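In: Got a sequence here, can you build the structure:
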Amino acid sequence: MNIKDLEKLVKLLENSQLSKILIEENGTKFELTKSSCEQPREIIHHAAEAPRVLTSSVVSEPVSVKAEKIEVKGDFVTAPMVGTFYLSSSPTAEPFIKVGDKIKAGDVVCIIEAMKLFNEIESTLSGEVLELLVKNGEVVEYGQPLFKIKTV
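Out: Here you go, the predicted model:
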C-alpha cells in the first residue's frame, strides 16, 4: 500500500460515519481510527517489527512556525544514509573513534544500520575528533553531522 492509497483511506474515514478502518495487505496490518475534533487521529501501522504511530491533530486557529538558520562552524563527517548509528561493531567492542583521536580520510568511524545491513562509514576528512554529535543507537538522517573534526 502506498502513501496515496493511505491518504485516500484517511479522507474516506474523515468523510464517513465510520470510526475505524482495519486493512491487512501482504501480512501488514493498517488501522485507521477517527476520534472527535479535539482528539488526535491516529494511523497505526502494524509491521512484523516495531509499530509506528503517526498522529495528526485538527487545529482550529492558524499556527505560525518560525524557522531559524543555525550557522555551524567547523568540518563535519556527515551521514551518507538514513539508519541507526553505532560507534562500535558490537555492544562489547571498543568504539571506532573517541574525542581526541587522530583520524585519516578512509578510516572507519562508525556503522550505520539500514534495512538490516550494517554499513561501515569511512571518514571523508583527516584531522582530530573534536566532538561526537550523535549518541550510540540513535537514528540519523542523510547529511546529518555525526562528528566535528579539526582538519589538518
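
In: Report the secondary structure state of residue 11.
Out: helix (DSSP: H, G, I helix; E, B strand; the rest coil).

In: Please report how far it lies from residue 22.
Out: 17 Å (C-beta to C-beta, to the nearest Å). Any C-beta I mention is one placed from the backbone N, CA and C, and that applies to glycine too.

In: Show me where this structure dips below the pLDDT cut-off.
Out: Counting by pLDDT under 70, the chain contains low-confidence residues at 1-3, 25-30, 35-74.

In: the strands in it, which residues?
Out: Remark: strands assigned in the chain by DSSP state E are 20-25, 28-33, 41-46, 52-56, 75-78, 83-86, 102-103, 108-114, 117-122, 127-132, 139-140, 145-151.

In: among these, which is nearest residue 96?
Out: Proximity to residue 96 (C-beta to C-beta) singles out strand 108-114 among those, at 5.3 Å.

In: tell me the angle the closest one makes with strand 127-132.
Out: Interaxial angle, strand 108-114 versus strand 127-132 (axes from the mean of the first three to the mean of the last three C-alpha atoms, to 10 degrees): 50 degrees.

In: list the buried ones in strand 108-114?
Out: Judged by neighbour count (16 or more other C-beta atoms under 10 Å), strand 108-114 contains these buried residues: 109, 110, 111, 112.

In: and what of stretch 142-152?
Out: In stretch 142-152, counting by 16+ other C-beta under 10 Å, buried: 145, 146, 147, 148, 149.

In: Pick out whichever of the buried residues of strand 108-114 sits closest to residue 135.
Out: Nearest to residue 135 out of those is residue 110 (C-beta to C-beta; 11.5 Å).
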